[in-house]
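> how would this look folded up:
(chains A and B)
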Amino acid sequence: MTPVGSLATPDEALVASYLGGPARTGSRFTFWLGLATLIGLAAVAALGLLAVPADDVQGDTVRIIFVHVPSALGAYAAFGLTALGSVMWLWRRSVWWDVTAHAGAEVGVLLCGLTLVTGMLWGRPTWGTYWEWGDVRLVTTLILFLVMVGYLSVRALGGDAASVATRAAVVGLVGAVNIPIVNRSVNWWANRTLHQQSSITDGKLEDLTLFTLFLAFVVAAMAICWMMMHRFRIGWLERQLQARDLHDALAARRAEANR
Amino acid sequence: MSAWRGLSLFVGDARLVAAKDLRIEWRARTTLGQVLPFALLVLVLFGFALDANRPTLRLATPGLLWMTVLFATVVAVQRSAAVESADGARRVLLLSGMAPAAAFAGKAAAVAMQLLVVEVLLVPGVVLLYDAEVESVPLVAATCIAATVGLAAAGSLLGAVVAGVRAHQTVLPILLLPVSAPVLIAATRAFADGFGTVAVEGWSWVGLLAGFAAANAVVGAVVYGPLLEEA
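Numbers count the residues shown, from 1 in each chain, chains lettered A, B, ... in the order given. Next up is the predicted model:
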């Protein structure tokens, strides 16, 4: 992998590192990580769908937690990286953090969408409705999802890399500041919550169910790492490509002047 | 420089920017000629959408009014950002030497003034069209001020984010409307109390609106400088 870290702006050192580094996003590590993730996903699917017994109260719908809960926590973690990356870009002009923020937003939107869909699928048989306005976490998560879709649309506006990074970082920061307020307002507004309270700590889950959930967390973490690494490297290579284009254009102008 | 002198400089600069924006607005008549008729039109269309059912309209009045204000905010903020992106005005604002936070405060204040004008006319509008009755004038007034400051702060900041970008008209609503959800919820609840449609504690919602306004004003004041320089 291309050495990264200390370069703050797309300058000549960055161009040199581009010319020396490989233009791909995979490495030996991500290959084995990806393979292990696939095996882990198959194991979670086999355990979750076949081996784990149906819940006394919820029946087969309980199996959705093996996707729903890990993807929800993964989405929050990825968005946390986006918020942190936004602050670090505005504060330190760190390209590394900017690319990380972008990767976190993309991976987070995917996982957040998965959380919402699985939540609604679970809600239909359990609550009798796909969407429950009284559920604070559900409504807040949808608003969070929409804010981050807006973040990605700002990323897609195009233009100078530093300019896009600053615009997106402000959106990330505004989102991070406002999501707690959204949560508070929805909480007061709904004044109650239907959300499934944590079942892990009160000892209601069977041992095998707990083990599968634990495995699902580990596999989800691996999948998120794999996606983040690839997405980060795409972003990093894009930055280097932009820098090289500038370098080439400068060289062409200089060659013209010296002729 | 003493703190007092710094504050008076800040307020002076903010007033300059706000007065400039309001002067441009007054000469172009955008608020009077476009935002206000648009807001009134939305009120009428909501009446059609809810089949002019009086009990439903009375019950829905606070929510409909604040939806209308949200739409008006998008239009007003777009206008405010466009003024800055035309003819390289942002560069001039940056080169003027005033603190970016003061420029932000001025931009937000100008948007807030326009929205307050819209609200002052919308409240009689719902009284006339929807049969609404104002029970508590102080609560309604406080809600308008707190909600408007928050909307203007968040709107001016996000307007600067998309200023000068080709697709800014479509991107701004996606950015502004989700983060404005607390304003819609809180202002609607407070108005439901102020209009006497639902028995809720309106003043605590005003507190939440004030918190939203403070949080977004602080973020805007901190990051407006980098936005002016780079975006």
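> If you tally nearby residues, what's the number for A:Ala252?
10 (other CB atoms under 10 Å in any protein chain shown). Backbone N, C-alpha and C define where each C-beta goes, glycine included.
> is the helix or strand harbouring it anywhere near chain B?
According to DSSP states H and E, A:Ala252 maps onto helix A:207-258. No - Helix A:207-258 lies apart from chain B when judged by CB under 8 Å from any CB of the partner chain; the minimum separation is 15.3 Å.
> which helices and strands sit right next to that helix?
helix A:12-20, helix A:28-46, helix A:65-92, helix A:95-127 (3 or more CB pairs under 8 Å, 6 or more residues apart in numbering or on different chains; DSSP states H and E).
> could you redo the ones you listed as TSV and give each row mean pLDDT and distance to chain B?
Putting the helices and strands packed on helix A:207-258 into TSV (pLDDT from 0 to 100; distance: least, CB to the nearest CB, whole Å) gives the following:
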stretch	mean pLDDT	distance to chain B
helix A:12-20	53	19
helix A:28-46	95	32
helix A:65-92	95	6
helix A:95-127	94	12
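> so where is chain B shaky, pLDDT-wise?
Chain B contains residues with pLDDT under 70 at B:1, B:231.
> which one of the helices and strands packed on helix A:207-258 lies closest to B:Ala163?
Among the helices and strands packed on helix A:207-258, helix A:65-92 comes nearest to B:Ala163, with 17.3 Å by CB to CB.
> Quick one: list the elements packing against the closest one.
Using 3+ CB pairs under 8 Å, 6+ apart, helix A:65-92 is in contact with helix A:95-127, helix A:136-155, helix A:161-190, helix A:207-258.
> In CSV, please show the C-alpha coordinates belonging to the shortest one.
Extracted C-alpha coordinates of helix A:136-155, given in CSV (Å, rounded to 0.1, in the frame of the first residue of the first chain):
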residue,chain,number,x,y,z
VAL,A,136,-37.6,7.5,19.1
ARG,A,137,-34.6,5.5,17.9
LEU,A,138,-36.3,4.6,14.6
VAL,A,139,-37.3,8.2,13.8
THR,A,140,-33.9,9.6,14.8
THR,A,141,-32.1,7.0,12.7
LEU,A,142,-34.2,8.0,9.7
ILE,A,143,-33.3,11.7,10.1
LEU,A,144,-29.6,10.7,10.6
PHE,A,145,-29.8,8.6,7.4
LEU,A,146,-31.3,11.6,5.5
VAL,A,147,-28.6,14.0,6.9
MET,A,148,-25.9,11.6,5.7
VAL,A,149,-27.5,11.2,2.3
GLY,A,150,-27.2,15.0,2.1
TYR,A,151,-23.6,14.8,3.1
LEU,A,152,-22.9,12.4,0.2
SER,A,153,-24.7,14.7,-2.2
VAL,A,154,-22.4,17.5,-1.1
ARG,A,155,-19.5,15.2,-1.7
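> Just confirm yes or no for that helix near chain B.
Yes - against chain B, helix A:136-155 shows contacts by CB under 8 Å from any CB at A:143, A:146-147, A:149-150, A:153-154.
> Does anything pack onto that helix? Which helices or strands?
helix A:65-92, helix A:95-127, helix A:161-190, helix B:168-179.
> thinking again about what came up before, go through the helices and strands packed on helix A:65-92 and name the closest to A:Ala45.
Nearest to A:Ala45 among the helices and strands packed on helix A:65-92 is helix A:207-258 (9.7 Å), distances taken as CB to CB.
> tell me the mean pLDDT over that closest one?
Mean pLDDT, helix A:207-258: 90.
> tell me which parts of chain B are close to chain A?
B:154, B:157-158, B:160-162, B:165-167, B:171, B:174-175, B:177-179, B:181-182, B:185-186, B:189, B:204-205, B:208, B:211-212, B:215-216, B:219, B:223, B:226-227, B:230-231.
> Contacts only, for the closest residue to A:Ser86 other than its chain neighbours.
Spatially, and ignoring its direct neighbours in sequence, A:Ser86 is nearest to A:Gly172 (3.3 Å; CB to CB, 6 or more residues apart in numbering or on different chains). Going by CB atoms under 8 Å, 6 or more residues apart in numbering or on different chains, A:Gly172 touches A:82-83, A:85-86, A:101, A:105, A:151.
> And these, which two are furthest apart?
Spatially, the most separated pair among those is A:Gly85 and A:Tyr151, at 11.1 Å (CB to CB).
> Of these two, which one has the most company?
When A:Gly85 and A:Tyr151 are compared for neighbours, A:Tyr151 comes out ahead with 30 against 25, by other CB under 10 Å.
> residue contacts, that one?
A:Tyr151 makes contact with A:82, A:105, A:168, A:171-172, A:175, according to CB under 8 Å, 6+ apart.
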